[in-house]
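Trainee: here are the coordinates; sequence isn't available:
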């Protein structure tokens, strides 16, 4: 009888150990997926941040008296790049993701102003360098949107797994905190800017 009880306890302990290891590994895998998905966003955002100064330099000659708008674009680009660097270090950090969302919204707003100004200058609209940069920027915006969707899907899968029973019993003690979605705060910024030259 004693041997049967010990055997039963050993089987239960083994089952619990297998469950804990499996749940832990599953959470690690999902966390790594959303971090990888964020790295794809990071690549596209850096590409966009690199394109913006070239766009501003091209526009400077035509928009000399619109200096305030050009400076606002560069300032917003720098703020967004800084926020992206912080978010890239820990994509699960809610405050870093909110800061990035806010900075991206601000950047989208000033880029919209720049595009509106460019519409008013026919010579700038006809500039081939400007057209090429705008096309690259639009393409990059689309890639950012797709990468953001993949990231948000990965975050949702991770958050769901860490919140459902019985995995939630493992998530808390092993510090698997919630991950934050990357959502653009202003409705008008949810779509890539429409550019027509």
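Mentor: Sure, I can see it. As the structure is a prediction and not an experimental result, all values here were calculated from the model.
Trainee: can you give me the helices for the chain?
Mentor: For the chain, the helices defined by DSSP state H cover 2-60, 67-89, 94-119, 122-126, 128-163, 168-171.
Trainee: once you drop chain neighbours, what's closest to residue 30?
Mentor: Distance criterion CB to CB, 6 or more residues apart in numbering; nearest residue to residue 30, sequence neighbours excluded, is residue 158 at 4.0 Å. To be clear about C-beta, it is placed using only N, CA and C from the backbone, and glycine gets the same treatment.
Trainee: what sits against that neighbour?
Mentor: 27, 30, 31, 33, 34, 179 (CB atoms under 8 Å, 6 or more residues apart in numbering).
Trainee: show me the shaky parts of the protein.
Mentor: Flagging of the chain using pLDDT under 70 yields the residue ranges 185-197.
Trainee: repeat that for 90
Mentor: 1-7, 54-71, 90-94, 108, 112-135, 137-138, 183-197 (pLDDT under 90).
Trainee: from the chain's centre, how far out does stretch 37-46 sit?
Mentor: Offset of stretch 37-46 from its chain centre (CA atoms, centre = their mean, to the nearest Å): 7 Å.
Trainee: check stretch 3-14 too.
Mentor: 48 Å.
Trainee: cool, stretch 149-161 as well?
Mentor: Per CA atoms, centre = their mean, the displacement of stretch 149-161 from the mean C-alpha position of its chain is 12 Å.
Trainee: cool, and stretch 58-74?
Mentor: 27 Å.
Trainee: in it, what's buried?
Mentor: The neighbour-count check on stretch 58-74 (16 or more other CB atoms under 10 Å) flags 58, 59, 62, 63, 66, 69, 70, 72, 73 as buried.
Trainee: in stretch 101-112, what's buried?
Mentor: Buried-residue list, stretch 101-112, by 16+ other CB under 10 Å: 101, 102, 103, 104, 105, 106, 107, 108, 110, 111.
Trainee: closest to residue 162 out of these?
Mentor: Closest approach between these and residue 162, by CB to CB: residue 101, at 21.7 Å.
Trainee: so the closest one makes contact with residue 148?
Mentor: No - assessed by CB atoms under 8 Å, residue 101 is found out of contact with residue 148, at 10.1 Å.
Trainee: shared neighbours, the two?
Mentor: Common contact partners of residue 101 and residue 148 (CB under 8 Å, 6+ apart): residue 182.
Trainee: and stretch 85-97, how far from the chain's centre?
Mentor: Counting by CA atoms, centre = their mean, stretch 85-97 comes out at 9 Å from the chain centroid.
Trainee: pull the contacting residues for residue 87.
Mentor: By CB under 8 Å, 6+ apart, the neighbours of residue 87 are 38, 93, 96, 97, 99, 100.
Trainee: let me fix that: residue 26
Mentor: Listed by CB under 8 Å, 6+ apart, the contact set of residue 26 reads 161, 167.
Trainee: now residue 65: how far from residue 15?
Mentor: Counting by CB to CB, to the nearest Å, the gap from residue 65 to residue 15 is 75 Å.
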